[in-house]
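**Q** with the input below, show me the fold.
(one chain, ligands or ions: 1)
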Amino acid sequence: MKRRSVIVIGAGIAGLGAAAHLARCGIDVTVVEKNQRAGGRCDRFTRGGHVFDTGPTLLIMPRVYEAEFAALGADLHRVLELHSVDPTYHLVFDDGRRMTLTSDMQHMQRQMEDIQPGSFKGLQRYLDEGRRHYDVAMERLVNRDFRSASEFFSLRNLPLLHQLKPLQRHYANMRHYFDDPRLKAAFTFQDVYMGLSPFEAPATFSMMPYTELAHGAWYPRGGMYAVVRALVAIARRAGVRFMFNTEVREIPTRDSLARGVVLTNGRRLRADVVLANADLPYVFKDLLPEETRAAQLERKRFSCSVISFFWGVDRKYPALAPHTLFLADDYRENFDSIIRDLGLPGNPSLYVHAPGRLDPSMAPEDQDTLIAIVPVGHLSNNGDQDWESLRDEARRQVFRRLRLLGVRGLERHIKFEVSLNPLSWRKRYNLLKGSTHGLCHNLAQLGYLRPHNRHPRYRNLYFAGASTHPGTGVPTALISGRLAAQRIMDEWDA
Ligand SMILES: Cc1cc2nc3c(=O)[nH]c(=O)nc-3n(C[C@H](O)[C@H](O)[C@H](O)COP(=O)(O)OP(=O)(O)OC[C@H]3O[C@@H](n4cnc5c(N)ncnc54)[C@H](O)[C@@H]3O)c2cc1C
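**A** Okay, here's the model as predicted:
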């Protein structure tokens, strides 16, 4: 009997996970990836002994990784050597004050009381709420899919409106816990990972600072790309075939079915099912025939983008912690200029990563590998953004902020620079609008309201990845891949 077959478009995290699940069920799986290696946004390059993770740098929600690797028949702690990063972040405020986010609660207490007397009690209550949000949201919203509207808009889900505070804004909700704006910023900046401003994000997202403090942030030996390597090894062992440097041009359809894929070289590949891991709005716009749905998707809210700098540096900067965040005083104006004006704030909050602090193999001896990430707006429709001058301004801002930590003259020690901007993100991974996290996670784009893991018309076309359910981030992409694979198997058997 002929084996059932699936073509997966894209070797991103969700594509790799889904492919491995399906192959483990005996399906004949081929992954077609436009780039020369797997990983998608979880990418990597090496130059002169400097190793750069160009996408994710933080392994958070470790319990999700543990569960998802276990579902693939692997023990996370055998396939990856994970090291705890504690303190997770070193925060630097505009007034020069510093604060670390650490699971050492005594240290947190000292730092918080110093900023605002009485605030540590607020933190304890905030973390309690974060725990409730995390537990409930993971079980009821994230770790499952919604195949019909009635599963989502059900009486059973009504208590979630109270339990998860989805109708309250995250920043406004902080008034119950702290007064000091620096503390409010320290426990809401994580919303940017969802492509949202804390001024519009649901208060549900207090689950993110909670998981970072309670479950920790981790670093795999060899960097985040080690996660990709582990997934590729699992997929290959299960029998998945990979075609790299192979781009899909079209998903031909007839009636209510997808008929395989057509590659840019004109070759046609057939399969019973197509699973698109490439970013969903791009798939509708560029690979499928229907224009109306593509246009509807393009009008949805997209997350921001980033300008990233990758620097090989000829000396070490021990003052730099692994993850440093510079949080601007004009916190609200920061999000407004990124999300509303699609630009670069005058005084941007930004992030600097020094992986050599976590794993010496990431930089040559006595040298540093530095990554700076500056959030910016996604590509505008009229193409009026000047990315070269925005890049130069972003670089100036990074140097200015680093001087606050005593890092001076860095410019003279940079051996080489690689930088990425929204145009690069679009070109590298086919991300519509160069939006690094895909569709954002506002209330109108969550749960059943987020694009589903199956096409509404083509019954054998499925989706997995950041812009579909449940959303962005490496752990979430792993869940998305599993849910899509599960749905394929369920509907095949039905
Ligand atoms: C700068 C940055 C920092 C981040 N930091 C973190 C972090 O610290 N922690 C975290 O958990 N997450 C982080 N993320 C988010 C995380 O990287 C993503 O959510 C996740 O990797 C998305 O995986 P995916 O499977 O959805 O899709 P993708 O990574 O987009 O994979 C899709 C794949 O499809 C391929 N493709 C596209 N079109 C075609 C085509 N026509 N034919 C063939 N192949 C195609 C692409 O090349 C790509 O490989 C970060 C992302 C970025 C960009």
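
**Q** helix, strand, or coil at Phe309?
**A** Using DSSP: H, G, I helix; E, B strand; the rest coil, the structure places Phe309 in strand.

**Q** does it have beta-bridge partners, and which?
**A** Applying DSSP bridges to Phe309 gives these bridge partners: Ala372, Ser419.

**Q** from Val92, how far off is the closest residue to Arg63 other than its chain neighbours?
**A** Of all residues beyond its chain neighbours, the one nearest Arg63 is His215 (6.0 Å), with distances taken as CB to CB, 6 or more residues apart in numbering. For the C-beta atoms, the positions are set from N, CA and C on the backbone; glycine is no exception. As judged by CB to CB, to the nearest Å, His215 and Val92 stand 24 Å apart.

**Q** the two: who's more crowded?
**A** Using other CB atoms under 10 Å as the criterion, His215 and Val92 rank with Val92 on top: 20 against 16.

**Q** which residues of the stretch 301-450 of the chain lie near the ligand?
**A** Counting by CB under 6 Å from any ligand atom, the residues of the stretch 301-450 of the chain close to the ligand are 306, 308, 373, 429-430, 436.

**Q** make it 8 Å
**A** Proximity of the stretch 301-450 of the chain to the ligand (CB under 8 Å from any ligand atom) is limited to residues 306, 308, 373, 420, 425, 428-431, 436-438.

**Q** what's the most distant pair in those?
**A** Ile373 and Asn430 (20.7 Å; CB to CB).

**Q** picking that back up, please report phi then psi for the residue nearest to Arg63.
**A** The phi and psi values for His215, taken as degrees, to the nearest 10, are phi -100, psi -10.

**Q** still on that earlier bit, any chance of the residues of the stretch 301-450 of the chain next to the ligand in a markdown table, with secondary structure too?
**A** A markdown table is the format used below for those (three-state DSSP):
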| residue | secondary structure |
| --- | --- |
| Val306 | strand |
| Ser308 | strand |
| Ile373 | strand |
| Leu420 | strand |
| Trp425 | helix |
| Arg428 | helix |
| Tyr429 | helix |
| Asn430 | coil |
| Leu431 | coil |
| Thr436 | coil |
| His437 | coil |
| Gly438 | coil |
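
**Q** quick one: distance of stretch 57-66 to the chain centre.
**A** Distance of stretch 57-66 from the chain centroid (CA atoms, centre = their mean, to the nearest Å) equals 11 Å.

**Q** so how far does it reach from one end to the other?
**A** The first and last residues of stretch 57-66 sit 18 Å apart, counting by CA to CA, to the nearest Å.

**Q** can you classify the residue nearest to Leu123 when sequence neighbours are not counted by secondary structure?
**A** Leaving aside its sequence neighbours, Leu123 sits nearest to Met112 (CB to CB, 6+ apart; 5.9 Å). Following three-state DSSP, Met112 is assigned to helix.

**Q** check contacts around Met112.
**A** 119-120, 123, 183 (CB atoms under 8 Å, 6 or more residues apart in numbering).

**Q** keep only those of these that are in helices.
**A** Here DSSP state H is the test, and the contacts of Met112 give 119-120, 123, 183 as lying in helices.

**Q** low-confidence ranges in the stretch 151-300 of the chain?
**A** Judged by pLDDT under 70, the stretch 151-300 of the chain has no weakly predicted residues.

**Q** same question but for the stretch 351-494 of the chain, I mixed them up
**A** Residues of the stretch 351-494 of the chain that meet the cut-off, pLDDT under 70, do not exist.

**Q** single out the residue in it that lies closest to the ligand.
**A** Closest to the ligand within the stretch 351-494 of the chain is Gly465: 2.9 Å, counting by CB to the nearest ligand atom.

**Q** can you check the stretch 201-350 of the chain too?
**A** For the stretch 201-350 of the chain, CB to the nearest ligand atom, closest residue to the ligand: Ala278, 3.3 Å.

**Q** SS state for that residue?
**A** coil.

**Q** next one: Arg140
**A** Assignment for Arg140 (three-state DSSP): helix.

**Q** go on, Pro166?
**A** Pro166 - assigned by three-state DSSP - is coil.

**Q** I'd say it and Thr204 touch.
**A** Yes - with contact defined as CB atoms under 8 Å, Pro166 counts as touching Thr204 (5.3 Å).

**Q** more neighbours, these two?
**A** Thr204 (27 against 19).

**Q** so where do the strands sit in the stretch 151-300 of the chain?
**A** For the stretch 151-300 of the chain, applying DSSP state E, counting those that start in this stretch gives strands covering 217-220, 241-243, 248-250, 253-254, 257-258, 261-263, 268-269, 273-276.

**Q** in TSV, list these along with mean neighbour count and distance to Phe146.
**A** Listed next are these as TSV, based on neighbours: other CB atoms under 10 Å; distance: least, CB to CB, whole Å:
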stretch	mean neighbour count	distance to Phe146
strand 217-220	22	30
strand 241-243	16	31
strand 248-250	18	27
strand 253-254	13	24
strand 257-258	20	22
strand 261-263	19	27
strand 268-269	14	31
strand 273-276	28	18
